[in-house]
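Visitor: Next come a sequence and a model predicted from it.
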Amino acid sequence: MTVVIRLIKTAITVAVAYGVYRFLYASILKGAEKLGKELRMKNTLRIILLTITFVIALMVVLGIWRVNLLPYVTALGIGGIAVGLAIQEPLSNFISGLLVIFTGKLHENDVVEIDGITGIVEVVNYNHTVLRTFDGKHVLVPNKQVWNQRLINYWPTNVRRFTLKVSVSYGSDLEKVLEILRKCIEEEPFVEKSPERSNSIVFAEFGSSSIDFNVNFWVQRQNYFDALNSLANRIKRELEANGIVIPFPQLDVHIKERVL
């Protein structure tokens, strides 16, 4: 009968712990929503809350079954050196994961490059960070690597500047070219226009077969692909409408006849 009672208490403990976890998670989400703040670590928050409630529930269950951990801890101490060597790498990743989480070095949905791997952050686990690459792969990056390696965040804010290279022929009227490029930027709805984010056209170089300009413009993250495609089409269309040639590399081959 005692075993049955303990089983019932264990089941109740697990159920209550899971209910508390769900309640806390939902309460934090609702609280953030009421404050008008976006939680950028939802999946990571879920893992942390689940871990805390699991550990508490485990301690309660051990108490229900009157399990004394002292003999196990003592036995573990005998082989402490071997165990320490075995868990050295996981422990290092775990500590690095805590540092990544609590310092805010990474957030979910960030587009980052870590040690040459580029992708979108899906979740920061205790031991590894999950990246989803742009070709649909899932890459597990150890948190020790995330913490120690150089990290590039491609979208630290929701707005970012890009550069589009535009080439025109040497016979073009450069004043007219600059006027058209400015007009294209001003008329393109996907390009951000504000005093603190200035768009510009800058001379790049005298190329081998063209004069090159860099068109620098700001876009919202959600408009990234639309902005690139739309602005490129607009520039090409306006240049062609004004008789300005966009050149392509050409190679002249001269063949000399050899008289024998």
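Guide: Looks like it came in fine.
Visitor: So which residues of the stretch 1-150 of the chain form helices?
Guide: 2-34, 42-64, 70-78, 80-86, 88-103, 143-148 (DSSP state H, counting those that start in this stretch).
Visitor: Give me the mean pLDDT for the third one.
Guide: Looking back up the chat, that one is helix 70-78. Summarised as a single mean, pLDDT over helix 70-78 is 61.
Visitor: picking up where we left off before, could the helices of the stretch 1-150 of the chain go into a markdown table alongside distance to residue 236 and mean neighbour count?
Guide: From N, CA and C alone the C-beta is placed, and that goes for glycine too. Converted to a markdown table, the helices of the stretch 1-150 of the chain look like this (distance: least, C-beta to C-beta, whole Å; neighbours: other C-beta atoms under 10 Å):
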| stretch | distance to residue 236 | mean neighbour count |
| --- | --- | --- |
| helix 2-34 | 44 | 13 |
| helix 42-64 | 42 | 15 |
| helix 70-78 | 70 | 9 |
| helix 80-86 | 61 | 10 |
| helix 88-103 | 44 | 16 |
| helix 143-148 | 41 | 20 |
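Visitor: Out of those, which is closest to residue 130?
Guide: helix 42-64 (8.6 Å; C-beta to C-beta).
Visitor: And the strands in the stretch 101-250 of the chain?
Guide: Applying DSSP state E, counting those that start in this stretch to the stretch 101-250 of the chain gives strands spanning 111-114, 117-124, 128-132, 138-142, 151-153, 159-168, 191-192, 200-206, 211-220.
Visitor: The shortest one pairs with which strands, parallel or anti?
Guide: Strands adjacent to strand 191-192 in the sheet, as given by DSSP bridges, are strand 211-220 (antiparallel).
Visitor: Could I have the CA atoms of the strand it pairs with written out in CSV?
Guide: Provided in CSV are the C-alpha atoms of strand 211-220 (Å, rounded to 0.1, in the frame of the first residue of the first chain):
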residue,chain,number,x,y,z
ILE,A,211,32.6,53.6,-64.6
ASP,A,212,31.3,52.1,-61.3
PHE,A,213,29.2,53.7,-58.6
ASN,A,214,28.1,52.3,-55.2
VAL,A,215,24.4,52.9,-54.4
ASN,A,216,24.2,52.8,-50.6
PHE,A,217,20.6,52.4,-49.2
TRP,A,218,18.8,51.4,-46.0
VAL,A,219,16.1,48.7,-45.8
GLN,A,220,13.9,47.1,-43.2
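Visitor: How about the contacts made by the closest residue to residue 177 other than its chain neighbours?
Guide: Spatial nearest neighbour of residue 177, chain neighbours left out: residue 168 (5.3 Å); criterion: C-beta to C-beta, 6 or more residues apart in numbering. Taking C-beta atoms under 8 Å, 6 or more residues apart in numbering as the criterion, residue 168 is in contact with 174, 177, 210, 211, 213, 239, 244, 245, 246, 247.
Visitor: With adjacent residues omitted, what lies nearest to residue 234?
Guide: Residue 234 sits nearest to residue 184 (C-beta to C-beta, 6+ apart), 4.9 Å away.
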